[in-house]
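K.L.:
got a structure for you, letters missing:
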Ligand SMILES: O=C(O)C[C@@](O)(CF)CCOP(=O)(O)OP(=O)(O)O
């Protein structure tokens with residue numbers, strides 16, 4: 001019996017990943033850069049045993065259906081292949097998210113699965129090798145191997161596409177990310193489907209892609225110089241450009257709801273009133289606000305009379321993936 005249990009944290013991209021060069025290997029069109037957060041994480045245990053006759057997948061103590069289990073099995077096959085292992089496994093994942101608003105991310109889930117499978121099989125992978133394995137589960141998961149800031153280097157192959165940590169001298173400890181969980185969400189298009197449709201049909205996709213390298217350079221410089229304003233500006237710009245591409249897709253779509261717009265407009269107003277804060281958004285209607293930790297309380301006060309308390313979740317920088325037991 002081989003068992004491993006890890007905890008992996010979610011990450012939010014400041015410079016977005018939005019589009020694949022290779023669907024099967026999940027090689028992205030561009031590099032991306034993220035901040036790992038402490039507020040949402042996944043704990044996953046993988047147990048390989050000769051007594052099992054098939055893979056089993058429990059999510060939050062619920063046995064999952066064959067569709068969800070097949071995805072996990074396909075991913076476990078990658079780890080099994082690395083270990084010349086033919087045993088089946090029981091996977092138990094628990095998402096720890098402070099609100100029921102389905103904030104759990106595929107990033108923490110797939111990073112935790114990669115880490116737990118690797119620990120169970122004693123693959124003894126380096127962070128980069130573990131990042132490569134997690135990438136095969138979900139692109140953004142490859143960044144959750146690291147704490148703080150990390151950059152996913154797009155690479156051109158399975159071997160060369162993985163994330164690395166960014167030296168930041170503790171700048172991430174000066175930041176907060178406030179989640180505004182909106183309630184009026186319509187049925188989301190998954191990030192995987194959304195980016196594929198955008199790459200294949202959006203007239204704006206090329207323009208997005210052209211601006212990513214310069215945005216990455218601005219973000220790296222801002223981190224090196226601990227320049228919050230510069231980091232916030234490029235973060236908000238990257239999100240707006242990414243979401244702009246969806247409007248020119250066929251058929252067009254947007255992740256923004258009326259409440260998303262309300263939150264984004266409020267951030268702009270608070271910033272114009274003198275409190276530096278910037279928003280970002282991903283494949284859903286929730287709005288994430290980047291603010292300096294010293295201004296966190298002031299921002300929460302400004303949000304309080306516009307949003308219910310349980311809609312607002314505070315996150316700070318989170319650690320690298322943690323082995324809980326092997
Ligand atoms: O996180 C970012 O960089 C930006 C996004 O969150 C914007 F929505 C995309 C994340 O995509 P993911 O879920 O990783 O897709 P997969 O590779 O198809 O599993």
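P.N.:
All right, it came through fine. Predicted, not measured: the structure shown is a model, and the values here were computed from it. Residues are numbered from 1 along each chain as shown.

K.L.:
Show me what from this structure comes close to the ligand.
P.N.:
Proximity of the chain to the ligand (CB under 6 Å from any ligand atom) is limited to residues 13, 16-18, 26, 32, 106, 138-140, 191-192, 282-283. All C-beta spots, glycine's among them, are computed from the backbone N, C-alpha and C.

K.L.:
one more time with 5 Å
P.N.:
With CB under 5 Å from any ligand atom as the criterion, the chain comes near the ligand at residues 13, 16-17, 26, 32, 106, 138-140, 191-192, 282-283.

K.L.:
Spatially, which two of these are the most separated?
P.N.:
Within these, two members stand farthest from each other by CB to CB: 26 and 282, at 16.5 Å.

K.L.:
what comes up buried for the strand ranked longest in the chain?
P.N.:
Secondary structure assigned by DSSP state E gives strand 32-49 as the longest strand of the chain. Within strand 32-49, the residues scored as buried using 16 or more other CB atoms under 10 Å are 32-37, 39-48.

K.L.:
Considering the residues you listed, which is situated nearest to the ligand?
P.N.:
residue 32 (4.5 Å; CB to the nearest ligand atom).

K.L.:
So in terms of bridging, what pairs with that closest one?
P.N.:
residue 152 (DSSP bridges).

K.L.:
just the one 5 residues further on next, same as before
P.N.:
Note on residue 37: beta-bridge partners residue 317, judged by DSSP bridges.

K.L.:
In this structure it contacts residue 13, no?
P.N.:
No. With contact defined as CB atoms under 8 Å, residue 37 does not reach residue 13; the gap is 11.4 Å.

K.L.:
how near is the nearest residue to residue 292 once chain neighbours are set aside to the ligand?
P.N.:
If you skip the residues right next to it in sequence, residue 292 has residue 228 as its closest partner in space, 5.3 Å away by CB to CB, 6 or more residues apart in numbering. Separation of residue 228 from the ligand (CB to the nearest ligand atom, to the nearest Å): 20 Å.

K.L.:
quick one, what contacts residue 228?
P.N.:
174, 175, 222, 276, 292 (CB atoms under 8 Å, 6 or more residues apart in numbering).

K.L.:
ok, so of those, who is nearest residue 314?
P.N.:
residue 175 (11.4 Å).

K.L.:
mind listing what that closest one touches?
P.N.:
Residue 175 makes contact with 35, 228, 290, 291, 292, 293, 316, 317, according to CB under 8 Å, 6+ apart.

K.L.:
Look up how far residue 230 lies from it.
P.N.:
The gap separating residue 175 from residue 230 is 13 Å, by CB to CB, to the nearest Å.

K.L.:
ditto for residue 22
P.N.:
From residue 22 to residue 230 the distance is 32 Å (CB to CB).

K.L.:
and what of residue 318?
P.N.:
Separation of residue 318 from residue 230 (CB to CB): 23 Å.

K.L.:
Look at those two and report which has more neighbours.
P.N.:
Using other CB atoms under 10 Å, the more surrounded residue of residue 318 and residue 230 is residue 318, with 24 against 15.

K.L.:
I'd say the more buried one and residue 42 touch.
P.N.:
No. Look at residue 318 against residue 42 with CB under 8 Å: they stay out of range, at 11.7 Å.

K.L.:
Show me where this structure dips below the pLDDT cut-off.
P.N.:
The chain contains residues with pLDDT under 70 at 99-102, 104.

K.L.:
Could you chop it up by domain?
P.N.:
2-170, 171-316 (automatic domain parsing).

K.L.:
for those, which one sits closest to residue 322?
P.N.:
Once the domains of the chain are compared by CB to CB, domain 2-170 is nearest, at 4.7 Å.

K.L.:
give me the number of residues near residue 135?
P.N.:
27.

K.L.:
quick one: secondary structure of the nearest residue to it once chain neighbours are set aside?
P.N.:
Sequence neighbours aside, residue 142 is the residue nearest to residue 135 in space, at 3.8 Å (criterion: CB to CB, 6+ apart). Under DSSP: H, G, I helix; E, B strand; the rest coil, residue 142 falls in the helix class.

K.L.:
This completes my enquiry, with thanks.
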